[in-house]
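Peer 1: structure for the following, please:
(chains A, B and C)
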Amino acid sequence: MTRISLTVDGQQVSDDVEPRMLLVQYLREKLGKTGTVIGCDTSNCGACTVHLDGTSVKSCNVLAVQVDGSEVTTIEGLAGPDGALHPVQESFRECHGLQCGFCTPGMIMQTVDLLKENPSPSEEAIRLGLEGNLCRCTGYHNIVRAVQHAAGVGSAATSGEEVSA
Amino acid sequence: MIPAAFEYVAPTSVEEALAALAEHGAAGDDVKIIAGGQSLLPVLRMRLNAPEWVIDLGRIDALRGIRDEGDHLAIGAMTTHHDVGHSALVHEHALLISKAITHLADAQVRHRGTFGGALAHADPAGDLGAPALALEATFVIQGPGGTRTVPAAEFFVDLFETAISEDEILTEVHVPKRGGWGASYEKFVRIAHQWPIVAVAATVRTEGGTIAEARIGLTNMGSTPVRAHAAEQALVGQPATEEGVAAAAAVAAEGTNPPSDLNGDADYRRHLAGVLTRRAVLAAAG
Amino acid sequence: MTATQEPLQAEIGRDRRRKEDQRLITGRTRWTDNITLPGMLHLAMVRSPFAHARITNIETTAAKASTNVVAVLTGADLGEGQGVCINAWPVVTDQVTPAHVPMPSDRVAFAGETVAVVVARTAAEARDAAELVEVDYDVLPAALDLKEAALAHENGGALAHPDLGTNVSAVWRFDSAEAGTGGDVEAAIAEARANGIVIEREYRQQRLIPAFMEPRSVVVDPTGEQITVWSATQIPHILRFALAATTGVPESKIRVIAPDVGGGFGGKLQQTPEEMIAFAVARRLGKPVKFTETRSESLLTAHHGRDQWQRLTLAATKDGTVTGLKVDLLADLGAYVAIVGGGVPVLGAFMFNAIYKFPAYQFQTTNVLTNKTWTDAYRGAGRPEATYAIERLMTELAAELGVDPLEVREKNWIKHEEFPFTTVAGLEYDSGNYEAATARAKEMFGYDALRAEQAERRASGDRVQLGLGVSTFTEMCGLAPSRVLGSLNYGAGGWEHAEIRMLATGKVEVITGASAHGQGHETAFSQIVADRLGVPFEDVEVLHGDTQISHKGLDTYGSRSLVVGGEALVRAVDKVIEKAKPIAAHLLEASVDDVEFGDGRFSVRGTDQGMAITEIATAVFAAHNLPDGTEPSIDAEATFDPVNFNYPHGTHLCAVEVDTETGQVTMRKYVCCDDIGNVINPLIVAGQVHGGLVQGIAQALWEEAVYDENGTLVTGSFVDYLLPTAADTITFEVDHTTSPSTTNTLGTKGVGEAGTIASTPAVVNAVVDAVRQFGVTDIQMPCTPERVWRAINSGGSGGETTGAAAPHFDPATGMSGTVDRAEGDVQ
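Peer 2: From the prediction side, this is the model:
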């Protein structure tokens, strides 16, 4: 067991962990931060994406012992203290950028990072910026719209209006 | 999904890390070094490997950063892909590396994965080996007996095997400056988050529309990254045009022994290597 | 009594943002794997590495001694108490169906089958101990190749289950002459051979993996009077039935909950061995247990889809009028007959004739057992396979005739004025307008301009060629009329149940037997109820996926939730209004005949007197002043059994660019105009179409489950099983025409599977179209760059996928040995 102390979603935490414990397991099992999920073994899917010291990482691909002294933000720490949604969270809802929602925490966390580096991305830059996050429901169409909406670029909400009902 | 149990140590200097390696090596322990961990951790999670000790280089600040050392850049082994990819120095003097990193894995992995770690991992489909070969980088390896340097041509030994000995650590990579050279990394994949089926790293210097010098590395065309010497030589003196480059590019795969797998057999890879070499050289010369 | 209020805006047709999203975007979701109970134990499965082997010994001593291990159990330990995995649809009365024990004790029939389960206090410790279980196997010959397996009973080849004597599980046949729905197909083919055109093809439907994003997970809590099972399943009600029917535990003692479920696409339409094992272990130990699979386990053992060889013969006159279609399938069931199992190809039987007026039709499927992962429903289930075959054939017919592929379709399709139309497969299509959808799609696509560009590129010998692909699809959805299911020997009905609870505070609880896993039922169902009941959208709460709350239901698959479950809601709401009306009349002191209902209010005709239905609910709660003899409840339930399927259709047009030097295919443009009847929520509908499209496109271009010659799944991780990313896909243009369904009140048709069914042939038709000038008439799916390149350079369809996985995470290279010296790292 190794003692680690870090800040997660603004809160100081400290635990003894086995060196083999992955950050995502630490978040889920020790801290109950089950908003961050595990979708694969090979770090392809990105569902577990969190921010580590301000940049996006796949928390299944980091050991908990490696983040001793660091600051971690998960999907659960993204909204304001008053519960106000982050603009990216809001835009995913507005643009129907999620269906089953399993990939969504990772998608949103990666989008926040992407827009931090490139506040006005082209569609191509958005698509490449999300290449480490798999979604099986949306076909990515509305995820791209959501990122554009959050960035204030491209067409806003989607598709609905063109449908005759 | 859960690695087998291991002991963990995170030294804060290269000397401490070497001492830990020596200690566990002497004890006969199965040791793995973790740098960024982006390839190692999946392997551990799937229990394809179960070391007794993991030595983490992540706390050694001295291994991070990029320095201008006159005729070459010194890239610390623990510098992340993201930092290398965003380095103005690298962009100016080793454009090929900037280009290759743009398409390396994905943003999250680039934030965490490291330049030295990727090279030391020596996956022949890794995106940095071919550029390192083409740029004729030198690998700085530190061990109990001190520091030695290994040229790129001797660094990659076999599949996942390098010139680094069990008691040594890769500390930095020296990349000769090639200011004014054009560069292109042509990566061929079926989907974006794949390792390259084949990729070609090309950097060229042109003089008045003619190729004066060319350096070409091939990714995933054998058990190590390989250098396309024949094509390089054939390119010299050729006009930087489709016609001028075509014949030289066609020999890019000469002498290679590419793998056959789900994404293509060896013949197809040899064919791709030729096509991609032509495209890479033209883009680099463009 | 309140004064009349402004009527609420109509909810049906409104692009409401989803109710579900608040929890999903903030991480407050309740996935099964999030559930932790006091004293909960964790399971790890020991799985067979062999496709077919006899188990000779299982040594568990070391595992049992491992830290915090509570038990290590084998099939012999669990015995009959573990129940069996059922097949709900024996497609023929003499179907050959191997017994499917969740954890066999004597023989494994596919690589990945569970042979022992380790129970420990943590998941990590369970995994540690699982590595210590030593199993001895005698390897048996494995039936792997579908075509060879189909003949094994004749030539002594390997049998998937030696005691059965054959790999053929069933042969199911439909012939229009025999059924009286059409003519003799052999006569039509003979006539075409003499005087017309015959197109004969063999197409491969490669094996796919549903690859839902949430790995399956199950938690079983045996404490308390009922055994509670949480599972990441599409079918909580069917799972409860199966658990009860095969373990002897009374159905009333089992509660199954599907909490938030992260995608399914048919892949979670299963009663899984893992669920059965967890149930058995929890009962045996008396403690709550959890099993969550890894992605590798999911790809290996969750059921796969498709996997057919299709031999097709299309007969036509010289002017392109189709005179007959003959279909002969080989369908790979894998090692066991899964819950729908052999029914999947049978579902396709009714769809090969598609939107066309074929006079003669014959279909036969031979369902074959092999030593591979079992197959079952995957988005579309039978219909994508059928649509692919016919839409590829119609394009080939057009090429043979030298006409535009849309022209030959129009010549043969059902005209809009011909609906309702009884097809050669015996189905009655209720409504549709193929002309309108096609015209709109062509307009959106810029069809003529793209054809002109294609001609230019061909003429100039451009390195990058353009191809245009057409798919004019229909599908049957809304599983299903119970009588139809009964006539097909299916083991259950196809009704759906709904219940409306009018709460005292004016809120409304809606209970549905459909079980959503990402589709947005909470939103769409709220819209239906809000509209019909005249209450605010926000006041409607949809409850589902818990057999103790939603006691009756047949769950979600087959594009059935809206068209069957939605109709049940409508009927339940109507009953609420009916029950409330005499109470309203009583409270308003009016005659029932003078009371009318609209916009959520009962009002007395010709007066301004009125009362909201929610006020009636409050009055009924108090029950102080009800008409004599009136039951103090206006809650109601309804069970709806449709009389027919419904038949969405659409025209999909795809443009691809093919790099003729490398074979690389790049999506250029994709438009579709679907007719799905009336739309409840256009936002949700568009999302369903987008997602469906990418799954269908992925079959055409990227995905394939590949086994090696030993029966090992080579595509066992997302490194080798290629799901597309955002960077591989494009923005789609989606529109609709509307021909309301006549088989339900709302006029809706299913949409969940449409995109997947339609898109695969559109893409492959486009790829073939781009390279047809090189003599290419087919490229096998997935159209990998290598296959396309080979087709261009040597003709043929590019051949089977063989070879190994890339070595990155291969145990054979495994980064062990010499690799240890490297700084283990990165990319």
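Peer 1: burial check on residue 17, number of neighbours?
Peer 2: Looking at chain A here, since you left the chain open. Residues near A:V17, counting by other C-beta atoms under 10 Å in any protein chain shown, number 21. From N, CA and C alone the C-beta is placed, and that goes for glycine too.
Peer 1: hmm, I had chain B in mind actually
Peer 2: B:A17: 23 neighbours (other C-beta under 10 Å).
Peer 1: same check, this time on C:D708
Peer 2: 15.
Peer 1: with A:V88 instead?
Peer 2: For A:V88, using other C-beta under 10 Å, the count is 24.
Peer 1: try C:E509
Peer 2: A count of nearby residues for C:E509, using other C-beta under 10 Å, gives 16.
Peer 1: over to B:A107?
Peer 2: With other C-beta under 10 Å as criterion, B:A107 counts 23.
Peer 1: ok, now C:N367?
Peer 2: The tally of other residues near C:N367 (other C-beta under 10 Å) stands at 29.
Peer 1: which phi and psi does it have?
Peer 2: Here is the backbone geometry of C:N367 (degrees, to the nearest 10): phi -90, psi 130.
Peer 1: what pairs with it across the strands?
Peer 2: Residues in a beta bridge with C:N367, per DSSP bridges, are C:A170, C:A331.
Peer 1: now name the helix or strand holding C:G426.
Peer 2: Remark: C:G426 resides in no helix or strand, with elements defined by DSSP states H and E.
Peer 1: that one against C:A349, yeah?
Peer 2: No. The criterion here is C-beta atoms under 8 Å, and C:G426 misses it with C:A349 at 9.9 Å.
Peer 1: spatially nearest residue to the residue of the stretch 51-200 of chain B found nearest chain A (excluding sequence neighbours)?
Peer 2: Per C-beta to the nearest C-beta, B:D106 is where the stretch 51-200 of chain B lies closest to chain A, at 2.7 Å. Computed as C-beta to C-beta, 6 or more residues apart in numbering or on different chains, the closest residue to B:D106 that is not its neighbour in sequence is A:G132, at 2.7 Å.
Peer 1: so what's the residue count around the one you found?
Peer 2: Using other C-beta under 10 Å as the criterion, the residues surrounding A:G132 number 26.
Peer 1: and for C:V340?
Peer 2: 27.
Peer 1: any idea how far it is from C:T547?
Peer 2: Distance of C:V340 to C:T547, computed by C-beta to C-beta, to the nearest Å: 20 Å.
Peer 1: what of C:Y356?
Peer 2: 43 Å.
Peer 1: kindly report the residues of the stretch 101-250 of chain B close to chain A.
Peer 2: B:105-109, B:111-112, B:192-193 (C-beta under 8 Å from any C-beta of the partner chain).
Peer 1: so which pair among the residues you listed is furthest apart in space?
Peer 2: Spatial extent of these (C-beta to C-beta) is set by the pair B:R112 and B:A192 at 18.3 Å.
Peer 1: so between the two, which is more surrounded?
Peer 2: Comparing B:R112 with B:A192 by other C-beta under 10 Å, the one with more neighbours is B:R112, at 28 against 20.
Peer 1: enumerate every residue touching that one.
Peer 2: By C-beta atoms under 8 Å, 6 or more residues apart in numbering or on different chains, the contact set of B:R112 is A:52, A:57-58, A:61-62, B:36-38, B:80.
Peer 1: contact partners for whatever residue of chain A ends up closest to chain B?
Peer 2: Using C-beta to the nearest C-beta, A:G132 is the residue of chain A that sits closest to chain B, at 2.7 Å. Applying C-beta under 8 Å, 6+ apart to A:G132 gives the contacts A:44, A:46, A:49, A:58, A:110, B:105-109, B:193, C:725.
Peer 1: give me the buried entries from the residues you listed.
Peer 2: Neighbour-count burial (16 or more other C-beta atoms under 10 Å in any protein chain shown) applied to these gives A:44, A:46, A:49, A:58, A:110, B:105-109, B:193, C:725.
Peer 1: could you dump these to TSV with distance to C:Q310, secondary structure and pLDDT?
Peer 2: Shown next, in TSV, are these (distance: C-beta to C-beta, whole Å; DSSP: H, G, I helix; E, B strand; the rest coil; pLDDT from 0 to 100):
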residue	distance to C:Q310	secondary structure	pLDDT
A:N44	32	coil	95
A:G46	36	coil	98
A:T49	41	strand	98
A:K58	40	strand	98
A:Q110	40	helix	98
B:A105	38	coil	96
B:D106	37	coil	97
B:A107	42	helix	97
B:Q108	41	helix	98
B:V109	40	helix	98
B:H193	32	coil	91
C:T725	30	coil	98
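Peer 1: export those to TSV and tack on distance to C:D778?
Peer 2: As requested, the buried ones among the contacts of A:G132 are exported to TSV (distance: C-beta to C-beta, whole Å):
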residue	distance to C:D778
A:N44	31
A:G46	36
A:T49	41
A:K58	40
A:Q110	39
B:A105	35
B:D106	35
B:A107	39
B:Q108	40
B:V109	38
B:H193	29
C:T725	28
